[in-house]
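**Q** Generate a structure from the sequence data that follows.
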Amino acid sequence: MKELKYIIGFALVLILYSCGEEFLTQKDLYDKSDETYYRTENDINEALAGAYSVLPSFGGSINPTVMANLLSDDCFGGGGSGDLRFHDLDLFTNQSEDNYYDFWKEYYKGILRANMLIKRIDQAKYKNPEDKKQAKGEAYFLRAYYYFTLAKFFGSVPLITTPGPANNPKADPDILYAQIASDLKTAIDTMPTIPYNQWEAEMLGHANKWVAQAIMARVFLFYTGYYEKTELPTAEGAKITKQQVIQWLDDCIANSGYDLVPDFRNIWPYSYSGLREQYPYSKNNNLNWIGEGKENKETMFAVKYSVYGGWNLPTKISYCNQVCLYMGLRIQTDLIPWSLGWGGGPVNPQLKESFETNDIRMKASIIDVTDPEEGNVSTNYVWGSNQCMHETGLWNKKYTSLQMKLSNGTIGGIFLDMIPSTPNNGQLWNLQDEILLRFSDVLLMAAELGSTKAQEYLDRVRARVGLPSVPATLENIKNERRHELAFEGIRYFDLLRWHDAEAAFAKIKDIPVKNSGVDEKYNGVFRPETGGFLPIPETEIRLSAGVLKQNKGWE
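**A** Below is the predicted model:
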């Protein structure tokens, strides 16, 4: 019997009895195993919380969204001269043999927790059978999601579907993706068909049937695109066709209850009404943040952050949003509404130039430090501050640390204005959702796959930002995805599956940047011999005693 050391918050639910003879004769309350646990609905909820908790990895530069942004052509490395992982991701180098070891370990921890849930959930007793089906579907979904994330970054990884120890080689991609597809189909078939508006608010952050349908489409598009296939295999030997995926997406769009937020800019917390008078761009456009509750119908799946971020157990740094901190402006002074960050991912000027005239998403997604509408950054920004690298003067606006003048006259993170218990610390006060799936992505995937409503779906995304209809061609959809989903960790994998990466990086030539304040030229790097994938951590290879082989191009 394996001790369940990995259950998040386990100690918080144990009941301590008063001292005395009765206490001394009690069975050890910490004596829980995989055979005695997973018996009740509460046990399953705790175990699911543990499985979800690894979604952001450890935060920082090994957060999957940060990693994907730095790999893409839309962001440069940035950070300081000593931020080696930023530069390794940006330049396809590997200055540390275990650059991604914590990310690898954390996601396999999530897989272990999902495997244990799948193995034991049938023994749990539930009052409502539908709740049990939902929990079971979530476990299958999470296992698929973690494997798919690892596969996108590393190409292929060992496949482990039982909770016991294993020393497996990398799975053949066909076998790995077959398991991912089977798990997602099980999730789709198992989870109840409940529209979004009928979900309890406490389910925000959980996957549901509609999320599983959309992630199935992502898997299908990546697998069939990158590996040049026409169908997605399953572990049972069946095939998932393009038409099946289209049907799932059409169902999601028609029946899920999710929809587009009327104003694209109100998805992001820089549009918070309490900040409006201090931020010219928000004031001039009368923005009003939709928030992260049920009123936000566009966010389908997200990492929900909290006030419990910290450096000492039982908290950890990834309980707060590290994407905002690591991709925030690397500055030395307070520039309301922008707070201090690590400076990762300065924006490629070619992205800004690629937007259509009058596309509001350009200013809604990118901070230009020369623009007076962006606040006093236009007059007080210091180039080369803190030895910042690859500065272009353009920064990611969707995920950037935000601050404001509070009612008590001090300056602090905007969430201090909303939630007084927010830590008053610039490294911990970023609480915004890290959005992993938006409804607009579902519309664009359905259009790309060739739904009979492809034109309608593309038009909906463009009309929301005031743009006219364009034909639903693959090239137009590619452009739309780049502009709609910028900095959301999607662009790089789109380039890989379209086989456009090499050409995209070849366009990044002699871009003016400042390295520690010095004018230099930046050139994009992509190493096709790697297939676009990262190196497997060397520690994992050594621990496998040679069973696990390094990815090509990184030997």
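**Q** Quick check: nearest residue in space to residue 392, chain neighbours excluded?
**A** residue 346 (4.7 Å; C-beta to C-beta, 6 or more residues apart in numbering). Bear in mind the C-beta positions are built from the backbone N, C-alpha and C, glycine included.
**Q** elements contacting the longest helix seen in the chain?
**A** Ranked by residue count and defined by DSSP state H, the top helix of the chain is helix 129-154. Packing contacts for helix 129-154, counted by 3 or more C-beta pairs under 8 Å, 6 or more residues apart in numbering; DSSP states H and E, involve helix 41-52, helix 64-71, helix 101-120, helix 173-190, helix 209-226.
**Q** In terms of secondary structure, what does the second one contact?
**A** This means helix 64-71. Against helix 64-71 (3+ C-beta pairs under 8 Å, 6+ apart) you get helix 84-91, helix 129-154, helix 322-326, helix 491-498.
**Q** Kindly export the first one (C-alpha atoms) in PDB.
**A** Taking only C-alpha atoms (Å, rounded to 0.1, in the frame of the first residue of the first chain), the coordinates of helix 84-91 have been written out as PDB:
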ATOM      1  CA  LEU A  84      19.600  31.500 -18.900                       C
ATOM      2  CA  ARG A  85      16.400  29.500 -19.300                       C
ATOM      3  CA  PHE A  86      14.700  32.500 -21.000                       C
ATOM      4  CA  HIS A  87      17.600  32.600 -23.500                       C
ATOM      5  CA  ASP A  88      17.700  28.800 -23.900                       C
ATOM      6  CA  LEU A  89      14.100  28.700 -24.800                       C
ATOM      7  CA  ASP A  90      14.500  31.700 -27.200                       C
ATOM      8  CA  LEU A  91      17.700  30.500 -28.900                       C
END
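**Q** for that helix, what is the average pLDDT?
**A** The pLDDT scores in helix 84-91 average 96.
**Q** Counting by contacts, list what it packs against.
**A** So helix 84-91, by 3+ C-beta pairs under 8 Å, 6+ apart, packs with helix 64-71.
**Q** Next, report how far the helix it packs on is displaced from the centre of its chain.
**A** For helix 64-71, the separation from the chain centroid amounts to 9 Å (computed by C-alpha atoms, centre = their mean, to the nearest Å).
**Q** That one to helix 129-154, inter-axis angle?
**A** 30 degrees (axes from the mean of the first three to the mean of the last three C-alpha atoms, to 10 degrees).
**Q** quick check: mean pLDDT across helix 64-71?
**A** pLDDT averaged over helix 64-71 gives 98.
**Q** begin at 447 from here
**A** Sure thing, new numbering starts at 447, so read that last one as helix 510-517.
**Q** neighbouring contacts of it?
**A** Helix 510-517 is contacted by residues 502-503, 506-507, 521, 523, 532, 535-536, 546, 549, 595, 599, 768-769, 772-773, 790-791, 842, 845, 880, 882, 933-939 when judged by C-beta atoms under 8 Å, 6 or more residues apart in numbering.
**Q** Low-confidence stretches in the stretch 647-796 of the chain?
**A** Under the criterion pLDDT under 70, no range of the stretch 647-796 of the chain is flagged.
**Q** I meant the stretch 447-596 of the chain, not that one.
**A** For the stretch 447-596 of the chain, the stretches with pLDDT under 70 are 447-478.
**Q** hmm, try it at 90
**A** Within the stretch 447-596 of the chain, the stretches with pLDDT under 90 are 447-482, 503-506.
**Q** show me what contacts the residue nearest to residue 593 when sequence neighbours are not counted?
**A** Leaving aside its sequence neighbours, residue 593 sits nearest to residue 626 (C-beta to C-beta, 6+ apart; 5.2 Å). By C-beta under 8 Å, 6+ apart, the residues touching residue 626 are 590, 593-594, 597, 665.
**Q** Nearest to residue 815 among those?
**A** residue 594 (36.3 Å; C-beta to C-beta).
**Q** Can you get me a residue count around the closest one?
**A** 22 (other C-beta atoms under 10 Å).
**Q** so how far is residue 719 from the residue nearest to residue 838?
**A** 29 Å (C-beta to C-beta, to the nearest Å).
**Q** higher neighbour count, these two?
**A** Set residue 792 next to residue 719 and count neighbours by other C-beta under 10 Å: residue 792 wins out with 27 against 13.
**Q** That one reaches residue 846, doesn't it?
**A** No: contact between residue 792 and residue 846 fails when scored by C-beta atoms under 8 Å: they sit 11.8 Å apart.
**Q** Tell me who's in contact with residue 529.
**A** Contact analysis of residue 529 by C-beta under 8 Å, 6+ apart lists 507, 523, 788-790, 835.
**Q** Going by neighbour count, which residues in stretch 799-814 are buried?
**A** 801, 805-814 (16 or more other C-beta atoms under 10 Å).
**Q** and those, which of them are in helices?
**A** Using DSSP H, the buried residues of stretch 799-814 in helices are 807-811.
**Q** Present these as a markdown table; the columns should include pLDDT and distance to residue 735.
**A** Below are those laid out as a markdown table (pLDDT from 0 to 100; distance: C-beta to C-beta, whole Å):
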| residue | pLDDT | distance to residue 735 |
| --- | --- | --- |
| 807 | 98 | 16 |
| 808 | 98 | 19 |
| 809 | 98 | 16 |
| 810 | 98 | 12 |
| 811 | 98 | 15 |
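**Q** follow-up on the earlier one: roughly how far does the residue nearest to residue 838 sit from residue 957?
**A** Distance, residue 792 to residue 957, by C-beta to C-beta: 10 Å.
**Q** overlap in contacts of the two?
**A** 522, 838.
**Q** Which one of the helices and strands packed on helix 575-600 lies nearest to residue 826?
**A** With respect to residue 826, and counting by C-beta to C-beta, the nearest of the helices and strands packed on helix 575-600 is helix 510-517 at 25.7 Å.
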